[in-house]
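1. Everything below, folded, please.
(one chain, ligands or ions: 1)
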Amino acid sequence: MNIIFGPIHSRRFGKSLGVDLSPNRKQCNFDCLYCELDSVKTMNSYEDVVSVKQITFALKTALKEHSDIDFITLTANGEPTLYPHLSKLIDEINSFKGKTKTLILSNAANIDNPQVQDALLKIDEVKLSLDCATQKCLQKLDRSHQGIKVESIKAGMLEFKNRYNGPLIIEILIVKTLNDSKEEIAKLNEYLLKLQPTRIDISTIDRPPAYAVKPLSYEELHTISQLFDSSLPVYIASRKKVESKPSSYSDDEILQTLSKRPLSPDDITILFDKKSQKRLESLIEKSKINTIDTNGVSFYKKA
Ligand code: SF4
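-> Next comes the predicted model:
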């Protein structure tokens, strides 16, 4: 039973240790078409439960070995908020984690549950998925367990956002023909303008999925990112399939592009050729472009 995995290094979270709350098998209330785990019947509560004691023992042992961990990431072979002792587990982790931060990655299906919200309030950073703004899309792409309603997820997220002081990141995984239509993105945009999360990460399929569904190219993700309101901090988090085709941008083109959509340094590396990157640097020096930070990811924006 592998409860702990990692450490994993990332620019965003530094060195993190993963904690799998469902280490023996997949237990999830979604059966996403893009899931990298094998498809299994959805459920609304764990059938196979590992004790808080077993998890904390494994985590303490790993932390002794890796004393320089920046983040403890709660996740699962499935959905971590289905773990029945989540609140107690977080209390335990908070009692010994010291300065190490906690993060949870959830599909948000339970975010309308007040007890789940109460548990998540005790975590330093929360990342929730929101692939769809409509019920039809949720059922088709995320293949949610019976009774899960996208409107309850959206209402629950708004409620949680009002209660939570930490960074709330929304992740949207985009799959060809399933949630990449202008209509679906417009509905997501409308909702996200109300939610005002700290950051919105958009990505696509990076690893072999359970079903035969297709990823988007970086260019397609970039086009989709431009459909969101320019005030929303949308970050293209998918990097695996990037085939870099940098182009030349004049000063005016740089300013015009950044007025429509703030771009991250990663986007700049992919989209701008070397000379255009120099032009960008000089525009920053002339204060025509500002840098904004959204919880560890910076963006360039027209001043
Ligand atoms: S929510 Fe995550 S674990 Fe569950 S089916 Fe979707 S991708 Fe897989």
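
2. And for E47, the neighbour number?
-> 10 (other Cβ atoms under 10 Å). (C-beta placed from N, C-alpha, C; glycine too.)

3. I'd like to know how many residues surround the residue nearest to it when sequence neighbours are not counted.
-> Once flanking residues are discounted, E47 sits nearest to Q27: 6.7 Å by Cβ to Cβ, 6 or more residues apart in numbering. Residues lying near Q27 (other Cβ under 10 Å) number 23.

4. same question, the one 10 residues further on
-> The local packing of L37 (other Cβ under 10 Å) involves 14 other residues.

5. Same question for S87.
-> Counted with other Cβ under 10 Å, the neighbours of S87 add up to 16.

6. On the three-state scheme, it is what?
-> When classified by DSSP: H, G, I helix; E, B strand; the rest coil, S87 comes out as helix.

7. and what of D293?
-> strand.

8. Specify which residues of this structure, grouped into ranges, have pLDDT under the cut-off.
-> Residue ranges of the chain with pLDDT under 70: 11, 208, 239-245, 260, 295-296.

9. Now the phi/psi pair for the residue most central in space within it, please.
-> Centroid check for the chain by Cα atoms, centre = their mean gives E171 as the closest residue, at 3.4 Å. Main-chain dihedrals, E171, degrees, to the nearest 10: phi -110, psi 130.

10. That one contacts D201, correct?
-> Yes - contact status for E171 versus D201: in contact at 4.7 Å, counting by Cβ atoms under 8 Å.

11. counting contacts, what elements does the regular element (helix or strand) spanning S282 pack onto?
-> In the assignment (DSSP states H and E), S282 maps to helix 274-285. Judged by 3 or more Cβ pairs under 8 Å, 6 or more residues apart in numbering; DSSP states H and E, the packing partners of helix 274-285 are helix 251-260, helix 265-271, strand 289-294.

12. domain ranges for this protein?
-> If you go by automatic domain parsing, the domain ranges for the chain are 4-243, 246-303.

13. ok, now which ones touch the residue nearest to the centre of the chain?
-> 105, 127-130, 200-203, 237 (Cβ atoms under 8 Å, 6 or more residues apart in numbering).

14. closest to the ligand among those?
-> In terms of Cβ to the nearest ligand atom, no member of these lies closer to the ligand than S129, at 6.8 Å.

15. so that closest one makes contact with I172?
-> Yes - taking contacts as Cβ under 8 Å, S129 lies within contact range of I172: 7.4 Å.

16. S67 - that's part of a strand, no?
-> No - read with three-state DSSP, S67 is coil and lies in no strand.

17. could you show me where the strands are in the stretch 51-200 of the chain, in order?
-> 71-75, 101-106, 125-129, 168-174, 199-204 (DSSP state E, counting those that start in this stretch).

18. now the helices and strands packed on helix 274-285 as a markdown table including distance to V49 and mean neighbour count?
-> Formatted as a markdown table, the helices and strands packed on helix 274-285 follow (distance: least, Cβ to Cβ, whole Å; neighbours: other Cβ atoms under 10 Å):
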| stretch | distance to V49 | mean neighbour count |
| --- | --- | --- |
| helix 251-260 | 48 | 16 |
| helix 265-271 | 39 | 18 |
| strand 289-294 | 36 | 14 |
